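Undergrad: Fold the following and give me the result.
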Amino acid sequence: MAVAKEISVADPTHVDPSTLKRVTVLATLGNVLEWYDFTVYGFLAVHIGATFFPEQDGVTSILAAFAVFAVGFIARPLGAFVLGPFIDRKGRKSVMLLSMLLMASGSLLIGLAPGYAVAGSLGAVIIVIGRLAQGFSAGGEFGSSAVFLIEWAHRGRRGFFGSFHQVATYGGLLLGVLVTAGLTGALGSTAMRDWGWRVPFILGALLAVVALFLRRRIEETPVFTASRGQASTQSGAEIDHGTHPRPSVGFLLTVGVVALWGVTAMVALTYMPSYASEFLDIELQTSLVATLIGAMVTVVLLPVAGHLSDKLGRKALIVFSAVGYVVLPYPLFQLMVDNRSFGSLVIAQLVFAVFTAAIAGTGSATITELFSAKHRGSLVSMGSATAVTVFGGFGAIVCTWLIDVTDSAVSPAFYISGVALITLVAGLFLPRNLASDDLRR
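TA: Purely as a prediction, here's the structure:
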């Protein structure tokens, strides 16, 4: 216990509750809008494919649209590797502000890009640039905002407060579904395909600017401020890690944990409306409503999972989620394929929501607690960006390709279960005391 006390930064229990609440609300609100901007593309992939790749058949057009979607994930590690070190040197808040500005710019580019009928391939080039800006932004946003919330939280409550990082992420998904479904219902499928799909991007860019100004009011974390003070009076040598993994091991564990986490968001939620519309012959509006229900349940369960991880430990929740995603995808996809109905989609989304919340509600605290303050921002950003890019960003393409190759709409289940096995291994190697130990300097 003496070692743990020596290497910790003072726990911010002295923070006024009203300050902690204000910081959490403003940080979460900004995250909602930023992840709305980043993920709404997935819900509109069918219309984007028709606008920028009209000469392709249905499957090829969607593949092309999701390839552009994946571009954002390719840029995400670049953003993490460039902006991550600034999180540790300049502070969590500064990178959060910069990433929001970049995200808004990317959304505006996509919303205003001319279609193929107007400018030929130029429009596709513009939306690729927009996705590159969004991906670069997400590479810095994820790590800076996750670390920001965890470092403000009291010891013994980091799982609960960290869950709001994912409440914001899934809240952004939820907002994207609400806006897309609402516009589709109000405008109709024809108007939505012709021009209505642009509205969510332009709206998102405007709201992101508002959130940017709100974020300017929040203070830097007390943990980062304390660690900067310690760095100025000490040689900077690493102190014994005790029961915590070394940075290289922590990086690998982060990649393993975030692998399934990224797939649950990008495949089980974002990809599902396009999947149901194209391969199950269910109307896009109907599939969006099913996804909306799943996202709402997930958002409600996230703080519950975070709280449970404070009591039971991070490892238990991560392993629980991984086991669920190893076992359940095949029967749930088979259920959807056999029934091709709104009800089967809702059942699948509700079951997925339980196991998604378990890993997403726990994940932010888990990967943040693996590292010392000296490397925390950069390694959380780099590790998570690498995993999300490899497993989540290409998930929609891999799933669509598997369906095309196997001629089976159930085949995405094998990809999801395979990734879950990776996370299960990582979960089994997680330290047991992450929730109870102080954050290290």
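Undergrad: quick one: low-confidence ranges for the stretch 151-300 of the chain?
TA: Low-confidence segments of the stretch 151-300 of the chain, defined by pLDDT under 70, are located at 229-243, 267-268.
Undergrad: Same question for the stretch 301-441 of the chain.
TA: Applying pLDDT under 70 to the predicted model, the residue ranges of the stretch 301-441 of the chain that meet it are 441.
Undergrad: So what does residue 153 have for phi and psi?
TA: For residue 153, the backbone dihedrals are phi -80, psi 150 (criterion: degrees, to the nearest 10).
Undergrad: Just give me the neighbour total for it.
TA: Here the neighbour count serves as a burial measure; for residue 153 (other C-beta atoms under 10 Å) it reads 29. Every residue, glycine included, has its C-beta placed from N, CA and C.
Undergrad: residue contacts, the nearest residue to it once chain neighbours are set aside?
TA: Leaving aside its chain neighbours, residue 153 sits nearest to residue 161 (3.7 Å; criterion: C-beta to C-beta, 6 or more residues apart in numbering). Going by C-beta atoms under 8 Å, 6 or more residues apart in numbering, residue 161 touches 24, 149-150, 152-154, 306.
Undergrad: Check the contact between residue 169 and residue 265; I expect there is one.
TA: Yes. The pair residue 169 and residue 265 qualifies as a contact (C-beta atoms under 8 Å) at a distance of 6.9 Å.
Undergrad: now the spatially most central residue of the chain: how far from residue 375?
TA: The C-alpha lying nearest the average C-alpha coordinate of the chain belongs to residue 169 (C-alpha atoms, centre = their mean; 5.6 Å). Counting by C-beta to C-beta, to the nearest Å, the separation of residue 169 from residue 375 is 23 Å.
Undergrad: from the contacts of residue 161, which two are the most distant?
TA: Put simply, by C-beta to C-beta the two of these set farthest apart are 152 and 306, 14.1 Å from each other.
Undergrad: Which one's more surrounded, the two?
TA: Neighbours of residue 152 and residue 306, each counted by other C-beta under 10 Å, are more numerous for residue 306; the result is 31 against 25.
Undergrad: ok, the more buried one - contacts?
TA: Each residue near residue 306 by C-beta under 8 Å, 6+ apart is listed here: 159-164, 361-362, 365.
Undergrad: ok, back up a step: tell me the helix or strand right after the helix or strand where the residue nearest to residue 153 lies.
TA: With elements delineated by DSSP states H and E, residue 161 resides in helix 158-187, which encompasses its position. Sequence-wise, the next helix or strand downstream of helix 158-187 (DSSP H and E) is helix 189-191.
Undergrad: which residues are contacting that following helix?
TA: By C-beta under 8 Å, 6+ apart, the residues outside helix 189-191 that reach it are 284-285.
Undergrad: before we move on, back to that, what do residue 169 and residue 265 both touch?
TA: Here residue 169 and residue 265 share the contacting residues residue 360, scored by C-beta under 8 Å, 6+ apart.
Undergrad: In the stretch 1-150 of the chain, mark out all the strands, start to finish.
TA: Along the stretch 1-150 of the chain, no segments are classed as strands by DSSP state E, counting those that start in this stretch.
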